[in-house]
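1. Build me a model:
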Amino acid sequence: MTKIDENFMIDVLNIVDIIPLGRVATYGQIARLIGRPRNARLVGKALGKSGAYGKHPCHRVVTATGRLVPGWIDQGPMLAAEGIPFKDASHVDIKRCQWQGI
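-> Next up is the predicted model:
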């Protein structure tokens, strides 16, 4: 298993913290924004451990196709409460709600 570097984790969470209400970002987008474009999966692993770093709006991160995290039953309702549009029960409408970043 890949150990997540503390600086990588902080970089990821700093980006997650600025995703605006009503928008989503993708794992790959976050990886690109922190200068690690080939590390989308590692971003996902980092977000899975984010609870140890306090509260962050990790529910606003989805796959490039808009797919929600499998098994995270609260993610969909949290996004819906923010007005995020959905294509179906497990996919947000990424074309309508993707944050354009910094």
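2. which residues sit against the biggest helix by length in the chain?
-> Longest among the helix segments of the chain by residue count, using DSSP state H, is helix 6-16. Helix 6-16 is contacted from outside by 25, 30, 33-34, 36, 39, 42-43, 46-47, 49-50, 53, 56-58, 60-61, using CB atoms under 8 Å, 6 or more residues apart in numbering. The C-beta positions use only the backbone N, C-alpha and C, and glycine is treated the same way.
3. Mind listing what's buried along that helix?
-> Within helix 6-16, the residues that count as buried by 16 or more other CB atoms under 10 Å are 8-9, 11-13, 15-16.
4. from those residues, which is closest to E82?
-> Proximity of the buried residues of helix 6-16 to E82 (CB to CB) peaks at V16, which lies at 14.2 Å.
5. What are the neighbouring residues in contact with the spatially most central residue of the chain?
-> The centre of the chain sits closest to V61, judged by CA atoms, centre = their mean, with a distance of 1.7 Å. Neighbouring residues of V61 by CB under 8 Å, 6+ apart: 16, 19, 24-27, 30, 43-44, 47.
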